[in-house]
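>>> Dropping the sequence and predicted coords here.
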Amino acid sequence: MAENKEKLLEVKNLKKYFKVSRTDVLKAVDDVSFDIYKGETFGLVGESGCGKSTTGRTIIRLYEPTSGKVIFGGQEIGGKLSGKSKKDLTKKMQMIFQDPYASLNPRMMVKDIISEGLNIHHIESSNKSRLERVYELLETVGLNKEHANRYPHEFSGGQRQRIGIARALAVNPEFIIADEPISALDVSIQAQVVNLLQELQETKGLTYLFIAHDLSMVKHISDRVGVMYLGNMAELAPSEELYDHPLHPYTQALLSAIPVADPEVERTRERIILQGDVPSPINPPSGCRFRTRCPFAMDICAKVRPNWHEVENGHWVACHLHDEGQSSAKAE
Amino acid sequence: MDKLLEVQNLNIQFDIFGTHVQAVRGVDLELNVGETLAVVGESGSGKSVTSKAIMGLNPSPPGKVTAGKILFEGQDLVQYSQKQMQKIRGKEISMIFQDPMTALNPTMKIGKQIMEGLIKHQNMSKAEAKKRAIELLSLVGIPNPDKRVDEYPHQFSGGMRQRVVIAIALACNPKILIADEPTTALDVTIQAQILDLMRDIQKKTGTAIILITHDLGVVANLAQRVAVMYGGKIIETGTIDEIFYQPKHPYTWGLLSSMPKLHAKIDKLLAIPGTPPDLSDPPKGCPFAPRCPYAMKVCLDHMPSYTHISETQKTACWLLDERAPKVDPPKTVGVGGK
């Protein structure tokens, strides 16, 4: 079903290593591959330190990738870029950040924050048309004209996140990377922002990379979801499929760990509780990185890194339990 | 059931920036022996301020209790001096904080941090206290406790630190444990471990827990009773089944339907429009009225009194008045089971 859709972004064997000392290298993202189709929302989930944010930030070139390819709209953007092509890139790709308190300059007025991108890309030439565009954007995100001359501290968390969204929309991007856009907000405000993002997608045909740790929200907003663990992609599938038939033991544990707001379900359901903590990405376990916490770990898991392959149509997994020709050993 | 703690008409005000922020406005709560009561609400709803008032931890000035009583085993904690409170804190009532990274002293071995309370409240010798500290560490599931007791907080991961914080809180066998967002700073798989641990510990020690949280999933997992706070007031309280399956207040409806469901597909979340009220100038009527889709004229001017739905559930909403029009909750609310 997904084959006939146009690929907007291809990430191939992306690696991002950070040198943390003379001898140690932190492998934040280690050989991750996935595609994002035009008009869809791709969710990326995982626990803290799994590399989901680093993946997003490397795609938009806030970090220089160590190796691997990022192809956006048919054009390779992973390697060295000239100043001009970098600038072109930021016009097509924008980012919404997690913390709306830290991502807006407190000394700039809202209208200047939103129109900064317009200035840089010379989109609206006259002051008047630029201001009109700012008003229009404010209205799009559910704020109004009067807010243009205020400073960020005068707004609540949810409103600030709307300003962040307006800033991202200003240059008419095709692709938006939303890095935990709702984690810092209250429940009732989260729903407002998520609904806004969905409305904008419908009206403007945007494509999202939605990074979050809240699996129920990711399931709600995403068409396809990728699960990361310690710098690797563990599983990738359409969101319904992933939640109904998780294959990777980590995905299964992650899904069973989410508390559900339903006392009846909470009383009856069986929970897989993982032992221990996530190992350090500086010295990750050999073979499969999840094996130290995996209830189904076998000998091969310590020796060979599992292959990233497609099990069913559009359902990818990296786990020795689901190696090609060995699909009989299912984790139940 | 035996009442362990009773909060009566509690009012707390903070005098800051020349205004009087009325963070808590007439809260009534009850906690029975051995039960878990969840207090849910958004930031600024007054849930943390209420719990800190029970511990006497609100900084004063600017905070002060302007009216009300906090009765712990019949004694009014509001009237207690700092010195008297020190005998209660950590011994009778103790607290788990949200962020285990900042709740521990980074320059002190964790063993010593656990021993502190034991030496002070239970007059233990150092050797005895250390023995007990090691016991506590193994109770909260820390491997190699006799070795780790001499380590510093930075040598522990986030989940492990929260276990240490729980061990400190449990050191003197308190009657009440206040857990202020105990799992918010943790990852999902670690959160599951900690929730499991808390349930286990309650079974073993019989401590009553007040759980402060905004996560309704955690509430459904751990609590027996729920109090929903909004704008400094408790707008609805009941058992978890009542609150999740037969909620009566529109705010509770909104909270329940603004969360995505893991087991069902919904196209659009039902968001609550607007933002919570400014408590430096609290609304005259129901605090939720400006955001409530069912608000009537009376809601803006008069705070509704509680309507008793059952022995355990009561709700403050004008819709429950017999003169009000009958309103059905949105379809997304009150569906039991999967």
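Yep, that arrived. Residues are numbered from 1 along each chain as shown, chains lettered A, B, ... in the order given.
>>> For residue B:135, give me its contacts.
residue B:145 (CB atoms under 8 Å, 6 or more residues apart in numbering or on different chains). Quick note: C-beta positions are derived from backbone N, CA and C, even for glycine.
>>> part of a helix, is it?
Yes: assigned with DSSP: H, G, I helix; E, B strand; the rest coil, residue B:135 falls within a helix.
>>> Does residue B:219 belong to a helix, a strand or coil?
helix.
>>> I'd guessed it sits against residue B:240; true?
Yes: applying CB atoms under 8 Å as the test, residue B:219 and residue B:240 come out as touching, 6.8 Å apart.
>>> anything in contact with each of those two?
B:38, B:226.
>>> max-length helix in chain A?
helix A:187-204 (DSSP state H).
>>> And that one, what does it pack against?
helix A:157-169, helix A:215-221, helix B:250-257 (3 or more CB pairs under 8 Å, 6 or more residues apart in numbering or on different chains; DSSP states H and E).
>>> And for the spatially closest residue to residue B:2 that is not a sequence neighbour, the neighbour number?
Excluding its sequence neighbours, the residue lying closest to residue B:2 (CB to CB, 6 or more residues apart in numbering or on different chains) is residue B:33, at 4.6 Å. Residues lying near residue B:33 (other CB atoms under 10 Å in any protein chain shown) number 14.
>>> Residue B:33 against residue B:207, yeah?
No: Residue B:33 lies out of contact with residue B:207 (CB under 8 Å); the separation is 9.4 Å.
>>> which residues do those two both contact?
residue B:175.
>>> any chance you could map the helices in the chain?
All of this refers to chain A. Under DSSP H, chain A gives helices at A:52-59, A:83-92, A:110-120, A:127-140, A:157-169, A:187-204, A:215-221, A:239-244, A:249-257, A:263-268, A:299-303.
>>> should've been chain B
Using DSSP H, helices in chain B cover B:47-55, B:82-88, B:100-103, B:110-122, B:126-139, B:145-148, B:158-170, B:188-205, B:216-222, B:240-245, B:250-257, B:297-301.
>>> Quickly, which of those helices bottoms out on average pLDDT?
Here these differ in mean pLDDT, and the lowest is helix B:100-103 at a mean of 85.
>>> interface residues of the stretch 201-338 of chain B facing chain A?
Proximity of the stretch 201-338 of chain B to chain A, by CB under 8 Å from any CB of the partner chain, involves residues B:214-221, B:240-241, B:244-245, B:254-256, B:258-263, B:265-266, B:268-273, B:275-276, B:336-338.
>>> Just give me the residue closest to the centre of the chain.
In the absence of a named chain, this looks at chain A. Taking CA atoms, centre = their mean, the centroid of chain A lies closest to residue A:211, which sits 2.6 Å from it.
>>> let's do chain B instead
The structure's chain B has its C-alpha centroid closest to residue B:212; by CA atoms, centre = their mean the separation is 2.0 Å.
>>> Please tell me I have it right and that residue contacts residue B:184.
No: between residue B:212 and residue B:184 there is no contact under CB under 8 Å: 9.8 Å.
>>> what's near enough to touch residue 163?
Using chain A here. By CB under 8 Å, 6+ apart, the contact set of residue A:163 is A:100, A:104, A:110, A:113, A:114, A:141, A:143, A:147, A:152, A:155.
>>> Chain B, not that one
Taking CB under 8 Å, 6+ apart as the test, what residue B:163 contacts is B:137, B:140, B:141, B:142, B:194, B:197.
>>> which ones are touching residue A:187?
By CB under 8 Å, 6+ apart, the neighbours of residue A:187 are B:42, B:214, B:216, B:255, B:258, B:259.
>>> list the contacts for the residue lying closest to residue A:305 once chain neighbours are set aside?
In this structure, residue A:305 finds its nearest non-sequential neighbour in residue A:287, 5.6 Å apart by CB to CB, 6+ apart. Residue A:287 is in contact with A:300, A:301, A:302, A:303, A:304, A:305, A:306, counting by CB under 8 Å, 6+ apart.
>>> out of these, which are buried?
By neighbour count, with 16 or more other CB atoms under 10 Å in any protein chain shown, those hold A:301, A:306 as buried.
>>> Adding pLDDT, write the contacts of residue A:287 out as CSV.
Below are the contacts of residue A:287 laid out as CSV (pLDDT from 0 to 100):
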residue, pLDDT
A:300, 92
A:301, 92
A:302, 92
A:303, 91
A:304, 91
A:305, 91
A:306, 92
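>>> Would you confirm that residue B:104 contacts residue B:110?
Yes: using CB under 8 Å, residue B:104 makes contact with residue B:110 at a distance of 6.9 Å.
>>> Comparing those two, which residue is more hemmed in?
Between residue B:104 and residue B:110, counted using other CB under 10 Å, the more crowded position is residue B:110 (26 against 21).
>>> Can you tell me, leaving aside adjacent residues, what's nearest to that one?
Once flanking residues are discounted, residue B:110 sits nearest to residue B:164: 5.1 Å by CB to CB, 6+ apart.
>>> Compute the distance between the one you found and residue B:133, please.
10 Å (CB to CB, to the nearest Å).
>>> Now for the two: what residues contact both?
Residues touching both residue B:164 and residue B:133 (CB under 8 Å, 6+ apart): residue B:114.
>>> Domain-wise, how is chain B divided?
B:3-223, B:229-320 (automatic domain parsing).
>>> Pull up the residues of the stretch 1-150 of chain A that are close to chain B.
Within the stretch 1-150 of chain A, the residues that sit near chain B (CB under 8 Å from any CB) are A:47, A:48.
>>> Tell me how many other residues crowd residue 258.
Picked chain A for this. Residue A:258 has 19 nearby residues by other CB under 10 Å.
>>> think we crossed wires, I meant chain B
Number of residues near residue B:258 (other CB under 10 Å) recorded here: 22.
>>> Same check on the one 5 residues further on?
Other residues within reach of residue B:263 by the criterion other CB under 10 Å amount to 13.
>>> again, but for residue B:215
Burial of residue B:215 is recorded as 20 neighbouring residues (other CB under 10 Å).
>>> Could you give the backbone dihedrals for the nearest residue to residue A:214 once chain neighbours are set aside?
Residue nearest to residue A:214 in three dimensions, not counting chain neighbours: residue A:183, with 7.0 Å by CB to CB, 6+ apart. Per-residue torsions, residue A:183: phi -60, psi -30 (degrees, to the nearest 10).
>>> In contact with residue A:183, which residues?
A:98, A:212, A:213, A:214.
>>> so what pLDDT did it get?
pLDDT, residue A:183: 83.
>>> swap in residue B:226?
95.
>>> That one: how many residues sit nearby?
Quick note: residue B:226 (other CB under 10 Å) scores 27 neighbours.
>>> Name whatever forms a beta bridge with the residue nearest to the centre of chain B.
residue B:39, residue B:180 (DSSP bridges).
>>> Would you mind listing what in the stretch 201-332 of chain A touches chain B?
Residues of the stretch 201-332 of chain A lying near chain B (CB under 8 Å from any CB): A:213, A:215-217, A:219-220, A:240, A:243, A:253-266, A:271, A:273-274, A:277-278.
>>> Against residue A:320, how distant is the closest residue to residue A:235 other than its chain neighbours?
Nearest non-adjacent residue to residue A:235, counting by CB to CB, 6+ apart: residue A:248, 4.2 Å away. Here residue A:248 is placed at a distance of 10 Å from residue A:320 (CB to CB).
>>> ok, these two, which is more surrounded?
residue A:248 (27 against 22).
>>> show me where the stretch 1-150 of chain A has strands.
Listed in chain order, the strands of the stretch 1-150 of chain A (DSSP state E, counting those that start in this stretch) span A:7-19, A:25-37, A:41-45, A:67-72, A:75-76, A:93-96.
>>> Against which helices or strands is the fourth one packed?
Going back to what we said before, that points to strand A:67-72. Using 3+ CB pairs under 8 Å, 6+ apart: strand A:67-72 touches strand A:7-19.
>>> send the alpha carbons of the strand it packs on over as CSV?
Coordinates of each C-alpha in strand A:7-19 appear next as CSV, following Å, rounded to 0.1, in the frame of the first residue of the first chain:
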residue,chain,number,x,y,z
LYS,A,7,9.1,9.2,-0.8
LEU,A,8,9.8,12.6,0.6
LEU,A,9,12.7,11.6,2.8
GLU,A,10,15.0,8.6,2.7
VAL,A,11,17.3,7.9,5.6
LYS,A,12,19.9,5.3,4.8
ASN,A,13,22.4,3.8,7.3
LEU,A,14,22.5,7.1,9.2
LYS,A,15,25.1,7.3,11.9
LYS,A,16,25.9,10.0,14.3
TYR,A,17,28.7,9.5,16.8
PHE,A,18,29.8,12.0,19.4
LYS,A,19,33.3,11.9,20.7
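>>> Cool, thanks, talk later.
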